[in-house]
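Take a look and give me a structure for this.
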Amino acid sequence: MSPATPAPKSGGAALELLVHGVGGTTPQDMLDDPRTVRVTGDRTAAVYRRADDLDAEEHPERYATGPVREAYCWSNLTSGDGARALWLLLLPFMVANLAHWMRPPAPDHTGLVRLYGVLVRLVALTLTALLTAAACEVALDLTAWQCAASSACTGDHSWLGFLSASRDGWWSQPGRRLALAAAVPALLVGLLWYLSNRTWSAYEAQRPPTGYDAPAAPQTDGGGETGKTPEGAPPGALRAALGRPGFWYGRRLVARLRAAHTATGFLTVAAALVTGTARYDTALPGTGAVLGGILQTAVAVLGGIVLWVVCRRGRSERRLDLRLEKTLVSWLPAAALALLVLTAVYASWSRPGWTSSGTLPGNTVFGALTLAQGALVVALGVVALLLQRPRRDPRTALRGLGGPAVAMLSCALAGVMSGGVAQRVADWLDGPATPGMGDPGARIAPPVLLSWQASVIPVLLLLLLAPAALLGVRTLLTARRLRAAVEADYPGDERDPVRTGQIATARARAGLTDSAPVLVGVVSGATLLLGACSVIGAWASGNVPGRAFDGAGPALASLASATQALGSWMIGFGFLLFVTWGRRAYRDPSARRTVGILWDVGTFWPRAAHPFAPPCYAERAVPDLTWRMSSWTRATGGRLVISGHSQGSVLAAAAVWQLRPATRRRVALLTYGSPLERLYGRWFPAYFGPDALRALNRTVHCWSNLDRATDPIGGPVRVAADDGRPAVDADVLLDPVVYGRTRAHPLPEPILGHSDYQADPAFAQRRADLLDRLPATLPHPRDGREPTGQESSGRSSG
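Prediction:
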C-alpha cells in the first residue's frame, strides 16, 4: 500500500503516471485498487485508472490533496504469451545488438562512430551465417552426406532409408540428397525472416510524436548532445541522442538489414550445395564444371552486394525517416532464393559415379567465420579505444571496451549453440561413439574445429573459477566490514548480531552487480584467446584433440581425450539447456516471467545491428508514454509526475527526452530502483553517460531519484546540484525501514531490496515535493488546443 501523498502547496490538476519495472505487474497492484479501467491502449500495452478516477479532470476539487494516478502496463510487450519464450534461442543476436549501443561517447569523431557501427553490423552478419552453416552441417553434412552414405547409420535410423546409398534409389545420389536436405536450413532462414517481418510490422511501425523537430539541426552520434539548443528549450538544454525524432523509429534500417541477412542465409545454403557438387564436376570434362563455376561466381557476387548493403547505411535518427527501400528489400532476398533454387537443380542432376565419403567439402566455413569474428572483435576494440581516449570516464564499463567484449560473448553464445546442435546430432547418429575418434560404429563426425571448440569449454570454466571465488571471498569480507555501518544507521536500537548480519549481507550482495564488468571482461578475453587456440590446433593437426595428442605421451593424450569428451557433452548440454528453458517458459508462467525479465533489459534498444534479434519493446512503449504525457498536458494544462521503477525509469527518461520543451517543463521525473547510471550509464555511456544525465536534469522541470544500499539493480544517478537545481539523488533509503520491533512495526520488517519503494514514507514526500516545484496549472483550454502561456511555443506533439 502506498502512503498518502502530503497535501501539495500548489493546487490544480495533477497526474502521476506510474511505469512498472522488470517482470511486470498488474494495474490493480500498481493502483492499489481491484477496480481498474483501461483508459487507452490495447491488451499488449495500456494505461489504466481506478474506476473512481475516470472523470477526475471534470472534478479537480476532489483531488486537491494528491494527484490522479494512472498506471502504464507494458509487460506483455516482452513476456505476454508463451511463444515469446522461444526468443531465448535468438539470444546471440540480441547480445550482438547490445554491442552496437555500448560505444563510448564521441561527438567529434563521426567517422570512427560510423566505423564502429559497420563493424558491429558485420559481426552480426557472421552470426547469421554461422547459424545457417550449423543448420547446413546438421542437415547436409551429418545427415545427407555422412549418415546416408553409411549402411550402419541408415540401418540404425530407418527414416533415412530412402536416402541410403546402398539402396541405389533416385535419392541415393549425393547431389540429390544434398538438394533435399537443403530445404531444412532454407526453411529456418524463412522462419527467421517471417518472425522479423511480423515483429517489424508490430513494433517498428509505432510512430513517435513529432513537434518542435521541424528542420533537423546538425546532429552528431556522440555522447547525448548535439551542440545546438532546440527552439523553445531552456538555455543550456542540449538535444540528447534519445531525444532525436527518429531514434525510436527504425523501420527503414531493420527492413534493409532483414533483406541482407535473409539473403546471407540463403547464400550460405547455396554455397554449401554448390561447393561440394562443383568440386566433383571439376574433375570431369563437360558443362558441369562451367555451370558450377558460374554458380559459385554468382554466389560470391551476390555476397559482395550483401556486404555493400550492410556497410553502406546505418541508422537515420535526425528525422522521422518514413521511406522504405522496397526494391532492395524485395529483390535481394528473392535473388538469393532464386540462386539457391538454381544450385539445388544443378546438384540434383544425375551423377552415377559420385559417392560421398568423409565430411562434406567446404566445411572450412566454420574456421573462416571464427577468424572473421575474431578479427572484427579486435578491430572493434581498437575503434572503441580510439573513441574512449579523448573522454575517459572511470565508471565506464571495461574502459570503453564493453561493446567489443559483449560482441565477443555473442560470438561465443552462437558458437555454443551451433556447435552444441552439431555435436548432439553427431552423437545421436553415431551411437555410443565419440565423434571423430574412430570408434566402432557409423563414425559420423562434425568438422574438426567444432570438436576443438568444444574441448576448450572445460578450460574456460576452470578459468572462471578464480574470479568467482575472489568475488565470493570479497562479498564475505565486505559484509563483515559493513556491520559497523549498519549499526550506525540504526542508532538507539538494541543490537542483534543476526539481524545486523542479514542487512550487511544484503548490502554486500547488492554490490556484486558492480563487479559484472570484471566477469564479462574475463569471459570475453578468455574466449578470444581460446578460440584462436582452437583454430590453430584444428588447422595444424587436422584431427580432433583426442587424436592430435596421440604421440605426446599417455598423460597428455588421456587429458586431451577426456577434455574432448567432456567438452562435447557440455556443449551439447548447453544447447539442450536453451531448448529446455524455452519449453519450460512456454508452459510455466513463472519461468516465462524470468525469461521476460531478460528481454526487458536486453530488448530495450532498437534493432540496429541484427534484424533477427527479439524486437525492441521501447519502440512501442516510449511513443505510448510520450503521447500520453503530451495529450494530457495539452488537454488540461496540468502538472504531471512520471514515476518509473527499475526498467520503467529508463522508459520514463526516454519518453521525457522525446517531449517538446514546453511540455517537458510541465513534467517532473521520479525514479526509484533505477539502473539509469548503475547499468545504463556504465554500459551505454554514449546515451546514458554523465553528460546525457546532466542534460536530462537541465531540460526536465525537476527530477528526484530514490535508491537503497540493498538494491542489486538500482542506484544513484550521480547528478549533482547545478545551476540552482538541487541534486537529483535523495538520501539513501534505509532498508529495512526499522531495525527491530517497535510499536509502529510490531513484526520484523523485511529487507525489500529492489521492490516496494512506494511503501517507504520518503516516496510520498518526494512526490509531493516534485508537484510543489512544478508551475501552477494553466487555464483549461476551451478550443481543444494546448495552453499557450509564456512557456509554450510551436505546434503540439500530441
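
and residue 270, what is it in contact with?
By Cβ atoms under 8 Å, 6 or more residues apart in numbering, the residues touching residue 270 are 295, 299, 336, 339-340, 343. The C-beta positions use only the backbone N, C-alpha and C, and glycine is treated the same way.

And the furthest pair within those?
By the measure Cβ to Cβ, 295 and 336 form the most distant pair in those, at 12.5 Å.

The two - which one has more neighbours?
Neighbours were counted for residue 295 and for residue 336 using other Cβ atoms under 10 Å; residue 336 has more, 28 against 23.

Surely that one and residue 266 touch.
Yes: counting by Cβ atoms under 8 Å, residue 336 touches residue 266, with 3.8 Å between them.

of the contacts of residue 270, closest to residue 285?
Using Cβ to Cβ, residue 295 comes nearest to residue 285 of those, at 18.2 Å.

Any idea how many residues pack against residue 158?
For residue 158, the count of nearby residues is 9 (other Cβ under 10 Å).

how far away is it from residue 172?
15 Å (Cβ to Cβ, to the nearest Å).

And residue 518, by the same measure?
56 Å.

Quick check on the residue lying closest to residue 430 once chain neighbours are set aside: phi, psi?
Spatial nearest neighbour of residue 430, chain neighbours left out: residue 444 (4.4 Å); criterion: Cβ to Cβ, 6 or more residues apart in numbering. Main-chain dihedrals, residue 444, degrees, to the nearest 10: phi -90, psi 130.

Return the distance of residue 444 relative to residue 138.
From residue 444 to residue 138 the distance is 11 Å (Cβ to Cβ).

Mind checking which of those two has more residues around it?
Using other Cβ under 10 Å as the criterion, residue 444 and residue 138 rank with residue 444 on top: 26 against 22.

shouldn't that one be in contact with residue 144?
No: with contact defined as Cβ under 8 Å, residue 444 does not count as touching residue 144 (11.7 Å).

Over to residue 16. Which of the three states is it?
Using DSSP: H, G, I helix; E, B strand; the rest coil, the structure places residue 16 in strand.

if I pick the nearest residue to it once chain neighbours are set aside, what's in contact with it?
What sits nearest to residue 16 in space, not counting adjacent residues and going by Cβ to Cβ, 6+ apart, is residue 67, at 4.3 Å. The contact partners of residue 67, taken as Cβ under 8 Å, 6+ apart, are 5, 14-16, 639, 641, 767, 771.

Neighbour count added to the residues you listed, as JSON lines?
Formatted as JSON lines, the contacts of residue 67 follow (neighbours: other Cβ atoms under 10 Å):
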{"residue": "5", "neighbour count": "20"}
{"residue": "14", "neighbour count": "27"}
{"residue": "15", "neighbour count": "25"}
{"residue": "16", "neighbour count": "22"}
{"residue": "639", "neighbour count": "28"}
{"residue": "641", "neighbour count": "25"}
{"residue": "767", "neighbour count": "25"}
{"residue": "771", "neighbour count": "26"}
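
Among these, which one sits closest to residue 58?
Nearest to residue 58 among the contacts of residue 67, with distances taken as Cβ to Cβ, is residue 15, at 13.9 Å.

how close does residue 458 sit to residue 629?
Between residue 458 and residue 629 the computed distance is 53 Å (Cβ to Cβ).

Give me the more crowded residue out of the two.
When residue 458 and residue 629 are compared for neighbours, residue 629 comes out ahead with 26 against 17, by other Cβ under 10 Å.

you'd agree that one is up against residue 665?
No: Residue 629 is not in contact with residue 665 according to Cβ under 8 Å; the separation is 11.9 Å.

Need the three-state assignment for residue 516.
helix.

State the pLDDT value of it.
Residue 516 carries a pLDDT score of 90 in this model.

wait, what's in contact with it?
Taking Cβ under 8 Å, 6+ apart, we find residue 516 in contact with residue 397.

any weak-confidence spans in the stretch 651-798 of the chain?
Scanning the stretch 651-798 of the chain for pLDDT under 70 picks out 778-798.

can you give me the strands in it?
Assigned by DSSP state E, counting those that start in this stretch, the strands in the stretch 651-798 of the chain fall at 667-672, 702-706.

Helices of the stretch 301-450 of the chain, start to end?
Taking DSSP state H, counting those that start in this stretch as the criterion, the stretch 301-450 of the chain contains helices spanning 326-348, 365-388, 402-430, 448-489.

ok so, going back, higher neighbour count, residue 518 and residue 172?
Ranked by neighbour count (other Cβ under 10 Å), residue 518 and residue 172 place residue 172 first, with 17 against 14.

The more buried one and residue 154, how far apart?
Using Cβ to Cβ, one gets 10 Å for the distance from residue 172 to residue 154.

intersection of neighbour lists for these two?
Common contact partners of residue 172 and residue 154 (Cβ under 8 Å, 6+ apart): 148, 163-164, 166.

Just the pLDDT for residue 629.
The score at residue 629 is 94. That number is its pLDDT.

Quick check: the gap between residue 724 and residue 702.
Using Cβ to Cβ, residue 724 is found at 11 Å from residue 702.

Looking at those two now, which is surrounded by more residues?
When neighbours are counted by other Cβ under 10 Å, residue 724 and residue 702 differ, and residue 702 comes out ahead with 20 against 5.
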